[in-house]
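**Student:** Could you look at this predicted model? Sequence included:
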Amino acid sequence: ETGVTQSPTHLIKTRGQQVTLRCSSQSGHNTVSWYQQALGQGPQFIFQYYREEENGRGNFPPRFSGLQFPNYSSELNVNALELDDSALYLCASSLTGYNSPLHFGNGTRLTVT
Amino acid sequence: TQLLEQSPQFLSIQEGENLTVYCNSSSVFSSLQWYRQEPGEGPVLLVTVVTGGEVKKLKRLTFQFGDARKDSSLHITAAQPGDTGLYLCAGAPVSSGSARQLTFGSGTQLTVLP
């Protein structure tokens, strides 16, 4: 069973640039969620995708967008990067079902300078 | 906006000691999960509690969900250096449609010294 994999592991961008982060779900999982974890904080929910559609969103501006593909993999796109976007971005996959456990990847560490 | 407050934020203890981590909110959650996160890795689920008053044990770890489903605690007996890590609680709201929008606490960084 392949776990959740994220790429790249580390990334350095300049303020104002755009970035795309990628996530491959655990085999058989059809739901993907993205979280932002600032240093010293708990993860914050960005959005969730199910059947290639966004079906839940946290308190993040529209410049955070995403995609889910037919094979359930996903992308997180962030436009017009700001210094405060520097964080660990975590992808989590799960089965449908409210109490289905989330399986997290090891994240992408984004640094915005 | 639902918030989860975790305490303490940092905890450094000697091997063999007991400890308790608390997770509190003014909001009701349908379930509450505890995760452990190590440096450079994503959180790993330890347990999910669903029923108010529920107690679950995982070896030396005991998890409790408050009767009103607003708070939870994690108790570790005879801590070992391998227990070192960031412990996170996360609550699932009573209603968020089909989305699994978990609210995380800010975490407790536990260090167990040999």
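**Tutor:** The structure has been received and is ready for your questions. The shown structure was predicted, so the numbers you read here are calculated from the model rather than taken from an experiment. Numbering: from 1, shown residues only, chains lettered A, B, ... in the order given.
**Student:** list the contacts for the most centrally placed residue in chain A?
**Tutor:** The centroid of chain A falls nearest to A:Trp34 when counting by C-alpha atoms, centre = their mean (3.2 Å). By C-beta atoms under 8 Å, 6 or more residues apart in numbering or on different chains, the residues touching A:Trp34 are A:Cys23, A:Phe45, A:Ile46, A:Phe47, A:Gln48, A:Gly66, A:Ser74, A:Leu76, A:Tyr89, A:Leu90, A:Cys91, A:Ala92. To be clear about C-beta, it is placed using only N, CA and C from the backbone, and glycine gets the same treatment.
**Student:** What sits closest to it if chain neighbours are left out?
**Tutor:** A:Ile46 (4.3 Å; C-beta to C-beta, 6 or more residues apart in numbering or on different chains).
**Student:** what about the helix or strand containing the one you found, distance to the chain center?
**Tutor:** Using DSSP states H and E, A:Ile46 falls within strand A:44-50. In terms of C-alpha atoms, centre = their mean, to the nearest Å, the centre of strand A:44-50 is set 7 Å apart from its chain centre.
**Student:** Mind checking the pLDDT average for it?
**Tutor:** Mean pLDDT, computed over strand A:44-50, is 94.
**Student:** for stretch A:96-109, same thing?
**Tutor:** For stretch A:96-109, the mean pLDDT works out to 86.
**Student:** next one: stretch B:51-66
**Tutor:** In this model, stretch B:51-66 has a mean pLDDT of 96.
**Student:** What is the end-to-end distance of it?
**Tutor:** Stretch B:51-66 has an end-to-end distance of 9 Å (criterion: C-alpha to C-alpha, to the nearest Å).
**Student:** Pull out the buried residues from it.
**Tutor:** The neighbour-count check on stretch B:51-66 (16 or more other C-beta atoms under 10 Å in any protein chain shown) flags B:Glu54, B:Leu61, B:Thr62, B:Phe63, B:Gln64, B:Phe65, B:Gly66 as buried.
**Student:** can you pull up the bridge partners for the residue lying closest to the first one once chain neighbours are set aside?
**Tutor:** Yep, that's B:Glu54 we're talking about. In space, and not counting its chain neighbours, B:Glu54 is closest to B:Phe65: 4.6 Å by C-beta to C-beta, 6+ apart. Beta-bridge pairing for B:Phe65 (DSSP bridges): B:Ser72.
**Student:** the strands in the chain, which residues?
**Tutor:** I went with chain A, as the question did not name one. Using DSSP state E, the strands of chain A run over residues A:5-7, A:10-13, A:19-24, A:31-37, A:44-50, A:53-57, A:64-68, A:74-78, A:87-94, A:103-104, A:108-112.
**Student:** was after chain B, sorry
**Tutor:** According to DSSP E, the strands that chain B contains are B:5-7, B:10-14, B:19-24, B:29-37, B:44-49, B:55-58, B:61-65, B:71-76, B:85-93, B:103-104, B:108-113.
**Student:** I am finished for the moment; much appreciated.
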